[in-house]
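Visitor: kindly generate the corresponding structure for this input.
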Amino acid sequence: MIRYLSEAEVERCQPTVLAGISIARGALTALASDHAQLPPKASVFPRPGSFANTMPAYVAPHAGGSEALGLKWVGVYPTNPERGLALINGILLAADPETGLPLAIMGAAHETGIRTAAVSGACIAALARPVVGNVAITGAGVQTRTHLAVCEALGHHDVTVFARRQEAGEALRRWSESSTPGIRLTVVSRATDAVPGAGVVITGVPIGAVGALIEPELFDEDALVLPLDYGTSIGASVANSGHLFTDDVPQFARFVERGAFPGYRDADGYTGDALELVARPPGRIVCQNLGQGAADALFARAILANAETLGIGTLLVR
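Guide: Okay, the predicted model is just below:
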């Protein structure tokens, strides 16, 4: 039997925020220690500005970590919100590493949101300066909501969000009041009002947005910078000014070769290696995490385990 989980059922079966951060850390360290097989993403571009990726992955057991085998199909369509549809859509396939048999098919949109925030959470927990102070987030979409949950779980309660549209900022404020009540949220209309003084800066405007680059002088010298929007907000002048890590070094090199990160130097190493350092490196740290199937496979495994325990989902005959 194959268990099917809708997006709503995936949300019901998601791991806790702190458990998700632990899963993400396991994926990052697996990549860094060569315990994950992660071929290059295969991409197609059906519409201008839109793309769809296939992301197969295998994670081997490592240092007590879990084993997982899976495949993610994910599409990103910037025009979808205008149609009342989600920006990110997709499916996840979880398989048995021993036999290769499919175990579950599940919606990938919600999982993508919590997985991305969990990766950021693993970085914040290990690489933020001792006194974070304010966290700055640019963008007020779904990713901002999942990152607010991570900030609350890690005890970083002061968050300033730059919202490009007033209605998006107000919707975020209402959501936060009920869903992340521990967050002291400030919404501003300019990135220049959010970034200065922040110990952690998370950028999440739409990839390719014009005029989104943030001037380097706005960042604290010891800030942790987590771009979710690739090079849209964080230019080479920021990325090259401190330590530069990435979740997947070969994938990052391919993106640089294709011109996705103009002027960026080579990464100093894997984010997973940085998480294992005894002490935080001094100065500014940029973790240019690109999103990778190892985390997706491990999250799918955890979601499936919860679904089996709770008896959630529809069983399909193979």
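Visitor: so where do the helices sit in the stretch 151-300 of the chain?
Guide: Using DSSP state H, counting those that start in this stretch, the helices of the stretch 151-300 of the chain run over 166-179, 236-239, 249-257, 271-275, 293-310.
Visitor: burial check on Leu310, number of neighbours?
Guide: Other residues near Leu310 come to 11 when the count uses other C-beta atoms under 10 Å. Bear in mind the C-beta positions are built from the backbone N, C-alpha and C, glycine included.
Visitor: strands along the stretch 151-300 of the chain, start to end?
Guide: Assigned by DSSP state E, counting those that start in this stretch, the stretch 151-300 of the chain shows strands spanning 158-162, 184-188, 198-203, 224-227, 243-246, 269-270, 285-287.
Visitor: out of those, flag the one nearest Ser33.
Guide: Distances from Ser33 to each of these were compared using C-beta to C-beta; the shortest belongs to strand 269-270, at 8.6 Å.
Visitor: neighbouring strands - and their directions - for that closest one?
Guide: Note on strand 269-270: by DSSP bridges, its sheet partners are strand 243-246 (parallel).
Visitor: only C-alpha atoms, please: export the strand it pairs with in PDB.
Guide: Taking Å, rounded to 0.1, in the frame of the first residue of the first chain, the C-alpha atoms of strand 243-246 are listed here in PDB:
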ATOM      1  CA  HIS A 243      32.500  33.800   5.600                       C
ATOM      2  CA  LEU A 244      30.400  32.200   2.800                       C
ATOM      3  CA  PHE A 245      28.900  28.800   3.200                       C
ATOM      4  CA  THR A 246      26.300  26.900   1.200                       C
END
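Visitor: for it, which outside residues touch it?
Guide: Residues from elsewhere that reach strand 243-246 (C-beta atoms under 8 Å, 6 or more residues apart in numbering): 252, 264-265, 267-271, 273-274, 281, 283-290.
Visitor: who's in contact with the residue nearest to Pro282 when sequence neighbours are not counted?
Guide: Sequence neighbours aside, Asp222 is the residue nearest to Pro282 in space, at 7.2 Å (criterion: C-beta to C-beta, 6 or more residues apart in numbering). Taking C-beta under 8 Å, 6+ apart, we find Asp222 in contact with Arg129, Gly199, Pro282, Gly283, Arg284.
Visitor: out of those, which end up buried?
Guide: Buried by 16 or more other C-beta atoms under 10 Å: Arg129, Gly199, Arg284, out of the contacts of Asp222.
Visitor: ok, the second one - contacts?
Guide: Residues in contact with Gly199, defined by C-beta under 8 Å, 6+ apart, are Ala128, Arg129, Val131, Val132, Gly133, Asn134, Val135, Asp220, Asp222, Ala223, Leu224.
Visitor: let's see that with 10 Å instead.
Guide: Neighbouring residues of Gly199 by C-beta atoms under 10 Å, 6 or more residues apart in numbering: 124, 128-136, 156, 158, 220, 222-224.
Visitor: for Asn240, see how far away it is.
Guide: Separation of Gly199 from Asn240 (C-beta to C-beta, to the nearest Å) stands at 20 Å.
Visitor: low pLDDT regions in the protein?
Guide: Along the chain, segments meeting pLDDT under 70 span 63-64.
Visitor: relative to Asp247, how far out is the most centrally placed residue in it?
Guide: Residue closest to the average C-alpha location in the chain (C-alpha atoms, centre = their mean): Thr116, at 1.7 Å. Counting by C-beta to C-beta, the gap between Thr116 and Asp247 amounts to 11 Å.
Visitor: shared neighbours of the two, anything?
Guide: Residues touching both Thr116 and Asp247 (C-beta under 10 Å, 6+ apart) are Ala24, Asn289, Gly291, Ala295.
Visitor: report the two of those residues separated the most.
Guide: Ala24 and Gly291 (11.1 Å).
Visitor: name the residues contacting each of those two.
Guide: Listed as contacting both Ala24 and Gly291 by C-beta under 10 Å, 6+ apart are Arg115, Thr116, Val119, Asp247.
Visitor: circling back to that earlier point, which among the contacts of strand 243-246 count as buried?
Guide: Neighbour counting with 16+ other C-beta under 10 Å marks 252, 264, 267-268, 270-271, 273-274, 284-290 as buried within the contacts of strand 243-246.
Visitor: cool, thanks, talk later.
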